[in-house]
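> Structure of the sequence below:
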Amino acid sequence: VAINHSLFMTKRKATEMATECLSEGDSMETQRGSLLTLLSRSSPFVSENGALPMGIFEPSTSVNNQTKVSDVEPLKSAKVLVVGAGGLGCELLKDLAMSGITNIEVIDLDTIDVTNLNRQFLFRQKDVGSSKAKVAADFVNKRCSWMNVIAHQGMIQDKSPSFYASFNCIISGLDNIEARRWLNATVCGLVQFDEDGDPDPSTIIPIIDGGTEGFSGQARVILPRITSCFECSLDAFPPQRSFPLCTIAETPRRPEHCIAYASILLWPKEFPNKKLDTDSPDDMKWVYEKALERANKYEISGVTYMLTMGVIKNIIPAVASTNAIVAAACVNEAIKILTFCSQTLNTYMMYMGSSGVYSHTFVYERKQNCPVCTSAVREMNVSRDKSLNQLMQELKDGDLRLTSPSITTGNGKTLYMQKPTALEKATRPNLDKALYSLIDSGEELTVTDPVLESISLALRVTFE
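Numbers count the residues shown, from 1 in each chain. I've put the predicted structure just below:
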């Protein structure tokens with residue numbers, strides 16, 4: 001208890017100091033001297049001397065006592081996208097503002113919930129129900145007059161590839177695996193190649209991927225088509241857990257079963273014309289109370305309001321100090337990538353706060369048959385009698401974890417297409433046909449899926 005109290009007081013004091021600093025406005029810019037020192041002096045530890053060289057560092061020659069960090073190139077003209085304005089996103093925006101990166105855009109679909117206020121410090125009680133991205137942008141712009149933060153409320157999938165291509169660096173603070181896969185595939189798809197088949201550096205948009213869970217976190221540098229990408233490490237993330245409906249309805253054994261029962265089975269019966277609003281305190285309270293009733297009936301302990309929120313909204317436990325540490329690491333890498341003033345992380349940093357103030361780095365190797373960052377043809381051995389629908393199910397349940405695959409042959413014949421509706425209807429009869437009646441053994445197929453965005457997967461199917 002004493003340790004927790006001490007940590008709380010330390011965090012509170014740090015927050016008060018940060019607020020006081022932000023309140024001083026433009027005077028802050030002339031006080032941030034450490035970064036100016038790095039940008040104006042040569043060093044043996046610059047980017048070109050590192051294990052993952054990004055460019056050649058050129059010290060600024062125009063730095064003096066009146067220079068502001070935001071006036072130094074390339075920070076002055078750099079354009080950075082922050083994806084997510086939640087716990088990690090708030091910390092990222094604060095750190096970017098205090099580092100002199102003025103041109104920032106932030107995108108987030110969510111609105112502010114009262115449960116966000118304990119750690120997402122850019123929001124206040126009056127902001128509940130408002131757009132996270134817009135409130136965060138307004139807060140930073142108001143407190144830091146040198147900042148130009150532009151907000152976008154909506155899904156990242158609603159933006160075109162050209163939107164992401166307009167940035168010098170993208171920092172991801174997403175807590176959703178599928179969204180991170182989509183962003184990774186989109187940015188990897190932007191890379192163009194020269195006549196020798198090498199990636200064109202001008203089309204490579206670095207991604208800095210940050211993530212936290214409880215007292216653990218990670219920061220990662222992804223150079224599309226050069227380093228490993230997010231898809232290469234998909235095996236490290238277990239598939240989202242689901243519960244058999246028969247267990248939920250008949251033999252609940254865990255508190256999660258009771259919560260699922262209340263939300264999946266009871267809610268539609270009680271409110272047939274209303275969709276469960278996971279952002280509504282009233283709706284969540286109803287689910288919690290019904291789940292608690294069922295738990296008491298089966299003598300199951302552990303149903304709490306916070307667990308209900310976690311099961312329904314798939315909430316990842318958040319600790320403010322972990323968000324702060326990981327965000328600092330991400331912004332630190334962004335500064336190094338934009339200026340080349342220091343050696344870039346190669347490529348993965350993991351923080352484990354539960355075992356002490358400890359972290360380690362390692363190189364996350366590329367997956368040789370990654371469907372996103374490599375051009376390798378994946379091999380698949382199947383029974384000739386297997387149906388096309390069964391093949392598609394294997395693509396969904398296997399290591400690729402596709403969501404809605406569409407398949408065409410190498411000569412352009414469409415086997416099954418999810419959209420448009422007319423084409424889906426026309427190709428639907430193929431789902432029940434045996435593969436041998438549709439393709440030849442060893443034939444190469446082209447697979448597309450929303451999670452891979454514009455990237456196509458080459459799949460060679462050989463009959464056993």
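
> For the residue lying closest to Thr361 once chain neighbours are set aside, list the residues it contacts.
Computed as C-beta to C-beta, 6 or more residues apart in numbering, the closest residue to Thr361 that is not its neighbour in sequence is Met349, at 4.8 Å. No exception for glycine: its C-beta is placed from N, CA and C like everyone else's. When contacts are counted by C-beta atoms under 8 Å, 6 or more residues apart in numbering, Met349 touches 218-220, 329, 359-361.

> Nearest the geometric middle of the protein, what residue?
Central residue of the chain (C-alpha atoms, centre = their mean): Leu174, 3.1 Å from the mean position.

> all helices of this structure, in order?
Shown for the chain, the helices assigned by DSSP state H span residues 2-23, 33-40, 87-98, 132-143, 161-165, 177-188, 245-250, 255-260, 267-270, 281-297, 305-313, 320-339, 388-397, 421-427.

> Under the pLDDT cut-off, which ranges of the stretch 251-400 of the chain? List them.
In the predicted model of the stretch 251-400 of the chain, residues 314-317 satisfy pLDDT under 70.

> buried sites along stretch 195-205?
204-205 (16 or more other C-beta atoms under 10 Å).

> just the helices of the chain: most buried one?
Comparing these by mean neighbour count (mean count of other C-beta atoms under 10 Å), helix 87-98 comes out on top with a mean of 26.

> Output the contacting helices and strands for that helix.
helix 2-23, strand 79-83, strand 103-108, helix 132-143, strand 207-213, helix 320-339 (3 or more C-beta pairs under 8 Å, 6 or more residues apart in numbering; DSSP states H and E).

> Repeat the analysis, applying 7 Å as the threshold.
Helix 87-98 is packed against strand 79-83, strand 103-108, helix 132-143, helix 320-339, with contacts defined by 3 or more C-beta pairs under 7 Å, 6 or more residues apart in numbering; DSSP states H and E.

> Between strand 207-213 and it, find me the angle.
Following axes from the mean of the first three to the mean of the last three C-alpha atoms, to 10 degrees, one obtains 130 degrees for the angle between helix 87-98 and strand 207-213.

> Give me the contacts around helix 87-98.
Identification of contacts with helix 87-98 by C-beta atoms under 7 Å, 6 or more residues apart in numbering yields 32, 80, 82, 104, 106, 108, 119-122, 136, 140, 144, 147, 149, 171, 173, 210, 212, 318, 323-324, 326-328, 330-331.

> just to revisit the earlier point, for the helices of the chain, could you give me a markdown table that also reports distance to Ser441?
Output for those, formatted as a markdown table (distance: least, C-beta to C-beta, whole Å):
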| stretch | distance to Ser441 |
| --- | --- |
| helix 2-23 | 62 |
| helix 33-40 | 60 |
| helix 87-98 | 48 |
| helix 132-143 | 51 |
| helix 161-165 | 36 |
| helix 177-188 | 29 |
| helix 245-250 | 38 |
| helix 255-260 | 43 |
| helix 267-270 | 46 |
| helix 281-297 | 51 |
| helix 305-313 | 45 |
| helix 320-339 | 47 |
| helix 388-397 | 13 |
| helix 421-427 | 21 |
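
> With the flanking residues excluded, which residue is spatially nearest to Arg124?
Leu117 (7.3 Å).

> Please apply the same query to Asp283.
Asp277 (4.8 Å).

> The one you found touches Trp286, doesn't it?
No - taking C-beta atoms under 7 Å as the definition, Asp277 is not a contact partner of Trp286, at 10.5 Å.

> what do these two both touch?
With contacts defined as C-beta under 7 Å, 6+ apart, no residue is shared by Asp277 and Trp286.

> What pLDDT is listed against Lys11?
The confidence metric pLDDT takes the value 47 at Lys11.

> now do the same end-to-end measure for stretch 333-349.
Using C-alpha to C-alpha, to the nearest Å, the end-to-end distance of stretch 333-349 comes to 11 Å.

> Determine how far it lies from the middle of the whole chain.
19 Å (C-alpha atoms, centre = their mean, to the nearest Å).

> Point out where the stretch 51-200 of the chain drops to low pLDDT.
Using pLDDT under 70, nothing in the stretch 51-200 of the chain is flagged.

> Show me the one of the helices of the chain that comes nearest Cys232.
Across these, Cys232 has its closest neighbour in helix 177-188 (9.2 Å, C-beta to C-beta).

> how about the CA coordinates for that closest one, as PDB?
Extracted in PDB, the C-alpha atoms of helix 177-188 (Å, rounded to 0.1, in the frame of the first residue of the first chain):
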ATOM      1  CA  ILE A 177      -5.000  -6.500 -33.700                       C
ATOM      2  CA  GLU A 178      -7.100  -6.400 -36.800                       C
ATOM      3  CA  ALA A 179      -6.700  -2.600 -37.100                       C
ATOM      4  CA  ARG A 180      -2.900  -2.900 -36.700                       C
ATOM      5  CA  ARG A 181      -2.800  -5.600 -39.400                       C
ATOM      6  CA  TRP A 182      -4.700  -3.400 -41.700                       C
ATOM      7  CA  LEU A 183      -2.500  -0.300 -41.100                       C
ATOM      8  CA  ASN A 184       0.600  -2.500 -41.500                       C
ATOM      9  CA  ALA A 185      -0.600  -3.900 -44.800                       C
ATOM     10  CA  THR A 186      -1.600  -0.500 -46.100                       C
ATOM     11  CA  VAL A 187       1.700   1.200 -45.400                       C
ATOM     12  CA  CYS A 188       3.700  -1.800 -46.800                       C
END
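
> who's in contact with the residue lying closest to Cys188 once chain neighbours are set aside?
Leaving out its chain neighbours, the residue that sits closest to Cys188 by C-beta to C-beta, 6+ apart is Pro224, at 4.2 Å. Contact partners of Pro224, counting by C-beta under 7 Å, 6+ apart, are 187-188, 191, 204-205, 373.

> likewise Asn103?
Counted by C-beta under 7 Å, 6+ apart, Asn103 has contacts 78-79, 148.

> Any chance of a markdown table for these, columns neighbour count and distance to Arg401?
Below are those laid out as a markdown table (neighbours: other C-beta atoms under 10 Å; distance: C-beta to C-beta, whole Å):
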| residue | neighbour count | distance to Arg401 |
| --- | --- | --- |
| Ala78 | 21 | 34 |
| Lys79 | 16 | 32 |
| Asn148 | 15 | 38 |
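
> ok, back up a step: ok, how many other residues are close to the residue nearest to Asp283?
10 (other C-beta atoms under 10 Å).

> same thing with Val303?
Residues near Val303, counting by other C-beta under 10 Å, number 24.

> Against Glu453, how distant is it?
Going from Val303 to Glu453 by C-beta to C-beta, to the nearest Å gives 39 Å.

> Equivalent analysis for Glu73, please.
From Glu73 to Glu453 the distance is 32 Å (C-beta to C-beta).
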